[in-house]
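Only the shape, not the letters, is given here:
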Ligand code: DQA
């Protein structure tokens with residue numbers, strides 16, 4: 001089972017970016033932990049980060065036929081990007097939306113996600129552990145489909 005992990009804008013700065021909110025783990029550490037956990041679950045993962053909306057759209061389009069499921073932390077694009085929503089729906093690959101912080105406990109503009117209503121599920125608020133929880137949820141969802 002091959003999965004794609006997408007990280008949106010500013011997540012390349014994890015480790016030093018507002019550590020009180022997002023924790024002290026770097027993106028490389030998060031990806032490494034996720035890779036190990038995926039392997040233990042019998043899945044492979046490809047991780048991709050971009051600060052650019054179009055690059056994220058291109059990566060989603062390239063996943064068609066290659067990827068069983070997507071984990072996506074779209075960062076601020078979560079709240080604004082119809083282009084990412086359309087790309088995810090166009091490729092029809094099941095996805096789980098996740099966030100390190102509890103977006104519902106923050107500014108009101110973070111309460112709405114343009115991705116959430118078509119996601120398999122949404123995980124937020126557990127810091128870097130959100131990624132592992134989202135991975136478990138996605139794998140068990142995909143296993144239940146076959
Ligand atoms: C985030 C939450 C978003 O609102 C914010 O723009 C981010 C990070 C999170 O993981 O908590 O960049 O997606």
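Structure's in. What do you need? Given the structure is predicted, the values throughout are model-derived calculations rather than measurements.

What sits closest to the residue positioned nearest the centre of the chain if chain neighbours are left out?
Geometric centre of the chain, nearest residue: residue 72, 1.8 Å, by C-alpha atoms, centre = their mean. Spatial nearest neighbour of residue 72, excluding adjacent residues (C-beta to C-beta, 6 or more residues apart in numbering): residue 6 at 4.5 Å. Backbone N, C-alpha and C define where each C-beta goes, glycine included.

Which of the three states applies to the one you found?
Classification of residue 6 using DSSP: H, G, I helix; E, B strand; the rest coil returns strand.

Surely it is in contact with residue 59?
Yes: counting by C-beta atoms under 8 Å, residue 6 touches residue 59, with 6.5 Å between them.

Need the residues touching each of those two.
Taking C-beta atoms under 8 Å, 6 or more residues apart in numbering as the contact rule, residue 6 and residue 59 both touch residue 48.

higher neighbour count, those two?
The neighbour comparison of residue 6 against residue 59 (other C-beta atoms under 10 Å) goes to residue 6, with 24 against 18.

so what's the more buried one up against?
Going by C-beta under 8 Å, 6+ apart, residue 6 touches 48-49, 56, 59-60, 70-74.

what's the closest residue in space to residue 104 that isn't next to it in sequence sitting at in phi/psi?
Closest residue to residue 104 apart from its sequence neighbours, by C-beta to C-beta, 6+ apart: residue 111 at 5.6 Å. Dihedral pair for residue 111: phi -80, psi -30, per degrees, to the nearest 10.

quick one: residue 111 from residue 102, how far?
10 Å (C-beta to C-beta, to the nearest Å).

Name the residues of the helix or strand of the chain with the lowest mean pLDDT that are buried.
Confidence across the helices and strands of the chain bottoms out at helix 19-22, with a mean of 93, counting by mean pLDDT, DSSP states H and E. Across helix 19-22, burial judged by 16 or more other C-beta atoms under 10 Å covers residue 22.

again with stretch 44-55
Buried residues in stretch 44-55, defined by neighbour count with 16+ other C-beta under 10 Å: 45-50, 53.
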